[in-house]
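Visitor: from the sequence below, what's the structure:
(one chain, ligands or ions: 1)
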Amino acid sequence: MKQVQLDHILPRVRKPARYIGAEFNAVHPDPDSLLKFCLVFPDLYEIGMSHQGLQILYHLLNEKQNVSAERCYTPDTDMEELLRTKKVPLFSLESRLPLDSFDVIGFTLPYELCYTNILTVLDLAGIPFRSAERLASHPLILGGGSCSMNPEPVADFFDAIVLGDGEEVIAEITALLLQAKQQGNSRAETLEALTGISGVYVPAFFTPEYHEGQLVSIKAEKSDYPKVTRRIMAKFPEVKSQAPPLVPLVKTVHDRLGIEIARGCTRGCRFCQAGVIYRPVRERSVDDIMKLARKGIDRSGFDELALLSLSTGDYSCLATLMPMLMNTFAAEYVSVSMPSMRVGTLTEDIIEQIKRVRKTGFTVAPEAGTDRLREVINKGISRDDFLETCRNAFSNGWNLIKFYFMIGLPTETDEDIEAIVELSQSARLEAGTGKGGRAQVNVSISTFIPKPHTPFQWEAQISLEQSRDRINMLKKLLPRRGFKLKWHDPEQSFLEGVFSRGDRRLANLIETAWKAGVRLDSWSEHYHLESWQEAAEKCDIELQWYLRQRGQDEVLPWDHLDSGVERSFLVEELRKSTEQAYTPDCRVHGCQKCGICDFKTVAPVSTEKDAVTSKIIDLARRGNKRPGQNEQVVKFPYRVHYARLGDARFLGHLELLQLIFRAVRLAGFPVLFSRGFNPSPCISFSPALPVGVESEVEYFDMDLERPLGNSETGKQELNKFLPDFIRIDQISAAKTKNPQTMVTFYEIRLPAPLQDEQLENIKSFFEMDSFIIERIRKRKRKELDLRPLVRKLAEKDAVLFLEIISHQSKAGTNPREVLEQIVGLEGDDALLAKIKKVKLETLL
Ligand code: SF4
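Guide: Just a heads-up that it's a prediction; the model follows:
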């Protein structure tokens, strides 16, 4: 299979490192594997790389014999345009193979606003959008993820969709597809066979029927396949050979090691879809979490470990786990964060532990302003609980707390909106007078979206105008000083609401909008509601209709998809919401009869009674010991010389820094850290190189707490944890003081020899006394004389040799500027020039 060539593409796009792969721990797929998967996240790389589910499946598939899995993320709009104009198909990151050469493309369906991105990927891969239009030669298109419990708006685009936990079902699907391939089964035969796997939804076998615009039934085309039930993994698999986490080269939204400590939440918030579709609660044992943490940090170099679950504070052994984690990792400057905490579970002890390395973000979600409305939604927290949590956070040193609230919840009145402001102000007062001036409260607001499979699935979503009015009200009421109001764009919530409870007719809308140029809707800079409204008009679809209240006798588009929670439970919960009646958590108050557990194979899994055998790992495991605040520290300085070649030119300076920090950590070098609230490694770098430039002569300086020993071994160790395109050449003891003035040498390979006019430009440059250019920096116009900064510029056989003089304290120039301003190269000629910073000897 032919690899896609990107040399003429990557220099032209924003953030090219998104497309080069080469992440630490990425798999090198076997080209001869019988069944090839490409797992696709339908949004940009920096979002997709933070997604846990995709990584779990990636490693599970790659562990199987005869199976390989690669990855692909939706390209940004500039990349999409270039791929189209250059007629290059979309490709996988690992092998750079065209997507249509895979047997299976597996999409994650994480949120509704990624739906057009699915079409971008299919189109760039040359695969027909609709399942019904695909031929035997096309890959099978699978889906799975949070949106799969109502995938109807995109159902026509998929051959099959997995409902529920993917870990076990993917093994069954893989076995079936391997067999189908070996037997040469037709596409139709394979789809039919997939219906035999529990939890696999094949949309082609269900036909929605409408009457006067209303969905009246969902006809099952196979009598033995009348509905599809969500797949539930009874418990987490035992941790034996857990695959190491992928470590990105690009900064992603969650740049950390994520460990799923529990799945499911039975608190019973009536608005929460995750609280239904991930039931019951299954906790991982403390021992397994400790093993995953140790292995994950050792094999990733991350300096943050996030405990993931729908409500981390509810993990039954958190009070045991947190000190164990901190006692193990604090000495290594690894912080532990809990992205989803719940008011009432953040005890003083837990807060004390969290702040031992770095104070990670402090976020709480009261959801509603009044106790009354919190009772309607079964939030189960009171104003007093909430204020106590804030008091604890402020008194433990946090100056910034974030709150999440929703607007548009059922029965909400103006009083509830006003109470959001009052509650936030009261919370800030908990900081006390000492900190009153510095305490900051960020209030985030989003519009409530009634989600399928929740007790509120029949409720109406407030209109766009109502959303805007309520946000405006908050803007007026919330004081500026000490508060920041943020809100999720109500126009995006409007569309999310349409798709959340949408039906199959919306596939036309998605396709029409995509054809009109709609892309990357989850990014506010790309999102335009008007484009969707125009598309809806063309398709004769009334968007607002999808936000209406639904009757309990209505056929809902997801009625044939069974979450496992009984409908009668949802109806009863809806009724209880009108009485503000509380449904307690079944973990502590006994089964509330939601219907999901049979108590034979499926039941809540708690670690509370598990014996914990993990030992607290030696604090000085790596030899690092955190010095006291006033302790005198002896430093052992080293300079590390390295080259960054090939694809390394696509890394930005900050990305390179992160990569080196992680490699140094992975190699186990005893690096000293700065002191204070946010300790960082004592490593400093040579001046930043512009993106697009390679170099043979980079360096960084690091301070170690003890001598390195054999520097040759150190070099080899470091190289083990770096991608091929970064090469450590030498580690020498002691820093070299950098001179005030330096000459840097570049070799520039041009796409074509220079023309006479360009050679003339160079000649006249050296005849001038000064060559003034204008620059706009931070909106200010500045002049710079390039003449004294360029010592040599000469061409031979389409290779330019350039010498640039730089002064430590003065503005300098760079090769790209020289090409454009002095030589007169423009556009692609300048962009496609291969620039390399070289040693002087190379030039002689
Ligand atoms: S069936 Fe009972 S124990 Fe199981 S999740 Fe539902 S309420 Fe909890």
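Visitor: ranges for the strands of the stretch 201-350 of the chain?
Guide: With strands called from DSSP state E, counting those that start in this stretch, the stretch 201-350 of the chain shows them at 206-211, 214-220, 228-229, 257-260, 262-263, 282-283, 304-308, 335-337.
Visitor: quick one: which of those is nearest residue 569?
Guide: Residue 569 lies closest to strand 228-229 among the strands of the stretch 201-350 of the chain, at 15.5 Å (CB to CB). (Glycine included, C-beta is placed from N, CA and C.)
Visitor: what about that closest one, average pLDDT?
Guide: Strand 228-229 comes out with an average pLDDT of 98.
Visitor: outside of it, which residues touch it?
Guide: For strand 228-229, contacts defined as CB atoms under 8 Å, 6 or more residues apart in numbering pick out 163, 198, 199, 200, 201, 560, 561, 562, 564.
Visitor: which SSE is immediately downstream of the helix or strand hosting residue 660?
Guide: Using DSSP states H and E, residue 660 sits in helix 653-666. Downstream of helix 653-666, the first helix or strand assigned by DSSP H and E is strand 683-685.
Visitor: got the confidence number for residue 811?
Guide: Predicted confidence (pLDDT) for residue 811: 82.
Visitor: got the residues of the protein near the ligand?
Guide: 266, 279, 280, 586, 591, 592, 593, 594, 595, 596, 597, 604 (CB under 6 Å from any ligand atom).
Visitor: residue 249: which of those is nearest?
Guide: Distances from residue 249 to these, taken by CB to CB, are shortest for residue 279, at 37.2 Å.
Visitor: show me which of the contacts of strand 228-229 are buried.
Guide: For the contacts of strand 228-229, a neighbour count by 16 or more other CB atoms under 10 Å gives the buried set as 163, 199, 200, 201, 560, 561, 562, 564.
Visitor: the fifth one is in contact with residue 221, isn't it?
Guide: No. Shown here, residue 560 and residue 221 do not form a contact pair, counting by CB atoms under 8 Å, at 11.1 Å.
Visitor: list the residues that contact both of those two?
Guide: Both residue 560 and residue 221 are in contact with residue 206, where contact means CB under 8 Å, 6+ apart.
Visitor: so for stretch 71-78, what gets flagged as buried?
Guide: 71, 72, 73, 74, 75, 76, 77.
Visitor: stretch 300-311: how far from the chain's middle?
Guide: 13 Å (CA atoms, centre = their mean, to the nearest Å).
Visitor: buried set for the longest helix belonging to the chain?
Guide: Counting residues, the longest helix found in the chain (DSSP state H) is helix 166-183. Under the neighbour-count criterion of 16+ other CB under 10 Å, helix 166-183 has 166, 168, 169, 170, 172, 173, 174, 176, 177, 178, 180 buried.
Visitor: need the contacts of strand 228-229 in JSON lines (columns: pLDDT and secondary structure).
Guide: Shown next, in JSON lines, are these (pLDDT from 0 to 100; DSSP: H, G, I helix; E, B strand; the rest coil):
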{"residue": "163", "pLDDT": "97", "secondary structure": "coil"}
{"residue": "198", "pLDDT": "97", "secondary structure": "coil"}
{"residue": "199", "pLDDT": "97", "secondary structure": "coil"}
{"residue": "200", "pLDDT": "98", "secondary structure": "strand"}
{"residue": "201", "pLDDT": "98", "secondary structure": "strand"}
{"residue": "560", "pLDDT": "98", "secondary structure": "coil"}
{"residue": "561", "pLDDT": "98", "secondary structure": "strand"}
{"residue": "562", "pLDDT": "97", "secondary structure": "strand"}
{"residue": "564", "pLDDT": "96", "secondary structure": "coil"}
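Visitor: gap between the residue nearest to residue 671 when sequence neighbours are not counted and the ligand?
Guide: When the adjacent residues along the chain are set aside, residue 671 lies closest to residue 681, with 4.8 Å between them (CB to CB, 6 or more residues apart in numbering). From residue 681 across to the ligand, the span is 45 Å (CB to the nearest ligand atom, to the nearest Å).
Visitor: next: residue 113.
Guide: From residue 113 to the ligand the distance is 30 Å (CB to the nearest ligand atom).
Visitor: so where's the stretch 251-400 of the chain shaky on pLDDT?
Guide: 340-341, 346, 355-361 (pLDDT under 70).
Visitor: residue of it closest to the ligand, please.
Guide: Across the stretch 251-400 of the chain, no residue is closer to the ligand than residue 280, which sits at 3.7 Å (CB to the nearest ligand atom).
Visitor: okay, now that residue: neighbour count?
Guide: 23 (other CB atoms under 10 Å).
Visitor: if I pick the residue lying closest to it once chain neighbours are set aside, what's in contact with it?
Guide: Leaving aside its sequence neighbours, residue 280 sits nearest to residue 604 (CB to CB, 6+ apart; 4.5 Å). Listed by CB under 8 Å, 6+ apart, the contact partners of residue 604 are 264, 266, 280, 281, 282, 586, 587, 597.
Visitor: for these, which two are the farthest from each other?
Guide: 282 and 586 (13.1 Å).
Visitor: what about these two, which has more around it?
Guide: residue 282 (23 against 20).
Visitor: before we move on, the earlier item: let me have the buried ones among the contacts of strand 228-229 in CSV, extended by distance to residue 816.
Guide: Listed next are these as CSV, based on distance: CB to CB, whole Å:
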residue, distance to residue 816
163, 51
199, 53
200, 52
201, 51
560, 58
561, 54
562, 58
564, 58
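Visitor: lovely, talk soon.
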